[in-house]
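Colleague: okay, predicted coordinates and the sequence, questions at the end:
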Amino acid sequence: MRVNRRFLYWGVFLVAIGGVLVVADLAAVDSATIEDALRLWPLAIIAIGVGLILRRTRFSVAGGMLAAAMPGLLLGGAFAVAPRFSVDCGGRGQPVSVATTQGTFSGPATVSVTSGCGTLIVDTAAGSAWHLNAGNTASRAPIVNSTTQSLTIDSGAKDGWRFFDAGRDSWDLTLPTSRIDDLSLVVNAGKGDVRLPGAQLGRLDVVTNAAETIVDVSGASLSGLSGAVNAGLLSVHLPSGSDLSGSLTVNAGALQVCTPPGLGLRVTQGGVLSGIRVNGLEATGGDWQSPDYVSATHRADLNVIANVGAVEINPIGGCK
């Protein structure tokens, strides 16, 4: 009997995901153990490479099963640990206020924000002043360094994925609509809600790790976009009034891109075990561009590398 290898590999991939979830639940595997295992994520890339090398040999089936199993184990581990991160991050109760900080930029600025586990809200206000309200369930304050042309906010949780002892953060950051040349945001194990109406941005870099992050720059000006989503969701609302180019990477996660009317979009993609859906339908071929790309007043060019990930452009019902 001839076996459809594609179905076989997908079956192995799904069994690996489900197996990890069942074992983690029934055996009550603690989060620290799963976290340590997730640090071995490069093995999934190695397994995929081995599968490609063995593709034309008599070991092709075994190599393909290995290439499907390892990403499945990684994704299953991510699914097992992510809810525990985002629900309480090891911190019970309500966050208490630990810092209220503010400042003013005197010219084009650079801003870097690295959150701990919890919630990060970023919005804008007219002018050149910024303001941060920070709370934490363990009374741990963020590390804030600022000048008249820079701002750095860091949770201080440096030990890999271990955010549990640091409590759960609740940050509310207001940025000015004055020029920001470089805005870097890292959202770890929680939720990020970034809405920047009126912002004047040169480059925006967003990384979301085991988190759900919404980035709405539809009312901003932006020339460059980069970022990555690792075992989470990144939803991006693009602006209509400027040309931009960017590069996004998806590792065991999902990316949503929503375009406003009048913006032409072209997406080139790469990666493994991934695909692009446009308006709810699977896109054929490796690249895609909107029908109005050539005639559009403004255009966005995105290079997307998705490894065991899903990419949706203008999903039915809209982006999150």
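Modeller: That came through fine. Everything quoted here is computed from the prediction, not taken from an experiment.
Colleague: please, which helix or strand holds the nearest residue to Ser290 once chain neighbours are set aside?
Modeller: Nearest residue to Ser290 in three dimensions, chain neighbours excluded: Leu265, at 4.7 Å (C-beta to C-beta, 6 or more residues apart in numbering). The C-beta positions use only the backbone N, C-alpha and C, and glycine is treated the same way. When secondary structure is defined by DSSP states H and E, Leu265 falls within strand 263-272.
Colleague: in its sheet, what does that strand sit against?
Modeller: Strand 263-272 sits in its sheet next to strand 287-289 (antiparallel), strand 298-307 (parallel), going by DSSP bridges.
Colleague: may I see the buried residues of it?
Modeller: Across strand 263-272, burial judged by 16 or more other C-beta atoms under 10 Å covers Leu263, Gly264, Leu265, Arg266, Val267, Gln269, Gly271, Val272.
Colleague: where does the stretch 1-150 of the chain have low pLDDT?
Modeller: Scanning the stretch 1-150 of the chain for pLDDT under 70 picks out 1-55, 59-93.
Colleague: one more time with 80
Modeller: Scanning the stretch 1-150 of the chain for pLDDT under 80 picks out 1-93.
Colleague: I'd assumed Ala189 was in contact with Leu120.
Modeller: No: Leu120 is beyond contact range of Ala189, at 11.0 Å (criterion: C-beta atoms under 8 Å).
Colleague: residues in contact with the closest residue in space to Thr177 that isn't next to it in sequence?
Modeller: Take Thr177 and drop its neighbours on the chain: the residue closest to it by C-beta to C-beta, 6+ apart is Gly198, 4.2 Å away. Gly198 makes contact with Thr124, Ala126, Thr177, Gly219, Ala220 under the criterion C-beta atoms under 8 Å, 6 or more residues apart in numbering.
Colleague: which one of these sits in the busiest neighbourhood?
Modeller: Ala220 (24 neighbours; other C-beta atoms under 10 Å).
Colleague: neighbours of the residue nearest to that one when sequence neighbours are not counted, how many?
Modeller: Distance criterion C-beta to C-beta, 6+ apart; nearest residue to Ala220, sequence neighbours excluded, is Ala199 at 4.0 Å. Around Ala199 there are 24 other residues, counting by other C-beta under 10 Å.
Colleague: Ser106 too?
Modeller: For Ser106, using other C-beta under 10 Å, the count is 10.
Colleague: repeat that for Asn136.
Modeller: So Asn136, with other C-beta under 10 Å, has 24 neighbours.
Colleague: just the element for the closest residue to Ser240 other than its chain neighbours, please.
Modeller: Of all residues not flanking Ser240 in the chain, Pro260 sits nearest, at 3.9 Å (C-beta to C-beta, 6+ apart). Applying DSSP H and E as the criterion places Pro260 outside every helix and strand.
Colleague: distance of Pro260 from Trp130?
Modeller: 27 Å (C-beta to C-beta, to the nearest Å).
Colleague: looking at the two, which has the bigger crowd around it?
Modeller: Trp130 (23 against 13).
Colleague: list the contacts of that one.
Modeller: Applying C-beta under 8 Å, 6+ apart, one finds that Trp130 lies in contact with Gln102, Gly103, Thr104, Phe105, Val111, Ser146, Leu151, Leu173, Thr174, Leu175, Pro176.
Colleague: so how far is Arg195 from the closest residue to Gly118 other than its chain neighbours?
Modeller: What sits nearest to Gly118 in space, not counting adjacent residues and going by C-beta to C-beta, 6+ apart, is Asp169, at 3.4 Å. Between Asp169 and Arg195 the distance is 19 Å, computed by C-beta to C-beta.
Colleague: next, format the buried residues of strand 263-272 as JSON lines and append pLDDT.
Modeller: Formatted as JSON lines, the buried residues of strand 263-272 follow (pLDDT from 0 to 100):
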{"residue": "Leu263", "pLDDT": "92"}
{"residue": "Gly264", "pLDDT": "92"}
{"residue": "Leu265", "pLDDT": "91"}
{"residue": "Arg266", "pLDDT": "91"}
{"residue": "Val267", "pLDDT": "89"}
{"residue": "Gln269", "pLDDT": "83"}
{"residue": "Gly271", "pLDDT": "76"}
{"residue": "Val272", "pLDDT": "71"}
